[in-house]
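Undergrad: give me a model of this one.
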Amino acid sequence: MSSEDERAHGVTPGMSGEYPRRTASAQAAFVLPYLREGMNLLDVGCGPGSITVGLAQAVAPGHVTGLDHDPTHLERARSLADERQLDITFQNGDALSLPFAAGTFDVAFENNVLIHLARNAAQAVREVRRVLAPGGFLATRDADASAVVWGQLTDPIREFDELFRRWHTSRGSDIDLGRRVPAILRQAGFVRIIKSVSADTKGRPEEVKAHAQMMLQLLNGSFGRTIVDSGWADELTVERLRIGIQEWGQHPDAFFANVHVEAIGWKPD
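TA: Below you'll find the model as predicted:
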């Protein structure tokens, strides 16, 4: 795969800086009450490991395996685990064909992985079910961008949002997938499915500015190139979006909330 993987925006310039800020206490809060000491846990699409380390602490002295397809993320994850003095296995692999035997894990977790495997999300969920032990469970958390909340929504922000959605669709992602994930779990054979909703919120001034900076980096990267090369926008439009984003990032009423649907489903005993 190229450095700008068609299946995940997380490895592209701009978005990759967001990943290390994610933590188990925030992005995995919905599953933490169900974790127990001694569990064997799989983190599918672990990225740079910032959530994984928190999951490892929650199940210690159990073991955690983090799986990702991006070598750079895995290198960062190993460094973070070493820094925290945690014994975590990080492995390169594909969520559509997990390199583990059936019944290996007690629990599996994923955060915003299925939205980037949209065409094959059901296959990925079935693969996770295969590697779970009977009675094990899968915890999923995926964005539903149709419910995104923008504070101080202006025309440039609205236009950026629409182009961002179009870009994802062109790459095979579905950033509205979240609300459909519980049904995907049920159709894959999971039972007793629990649903909840949370949001990744950028509300502090420094968070808003950082989010605006990320948007600008996207405009200066593959996203910006694609919208121009595809004829969805011209250079004048891109510059207008840049100015609008800069203004949004400085506005005292600006904030951003990316809504996620969470689901936990159990593999029958």
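
Undergrad: would you mind measuring from the spatially closest residue to P71 that is not a sequence neighbour to N258?
TA: Of all residues not flanking P71 in the chain, N92 sits nearest, at 6.5 Å (C-beta to C-beta, 6 or more residues apart in numbering). (Glycine included, C-beta is placed from N, CA and C.) Computed as C-beta to C-beta, to the nearest Å, the N92 to N258 distance reads 27 Å.

Undergrad: swap in A122?
TA: With distances taken as C-beta to C-beta, A122 is found 23 Å from N258.

Undergrad: same question for L41.
TA: The value you get for L41 to N258, if C-beta to C-beta is used, is 25 Å.

Undergrad: give me the most central residue, this protein.
TA: In the chain, the residue lying closest to the centroid (C-alpha atoms, centre = their mean) is N112, at 2.6 Å.

Undergrad: quick revisit: L41 and N258: which has the busier surroundings?
TA: Shown here are L41 and N258; by other C-beta atoms under 10 Å, L41 has more neighbours (24 against 19).

Undergrad: isn't A95 right up against V113?
TA: Yes. Counting by C-beta atoms under 8 Å, V113 is a contact partner of A95 at 6.1 Å.

Undergrad: shared neighbours of the two, anything?
TA: V44, G45, A124 (C-beta atoms under 8 Å, 6 or more residues apart in numbering).

Undergrad: ok, those residues vs Q27, which is closest?
TA: G45 (11.7 Å; C-beta to C-beta).

Undergrad: surely the closest one and L67 touch.
TA: Yes. Judged on C-beta under 8 Å, G45 makes contact with L67 at a distance of 7.0 Å.
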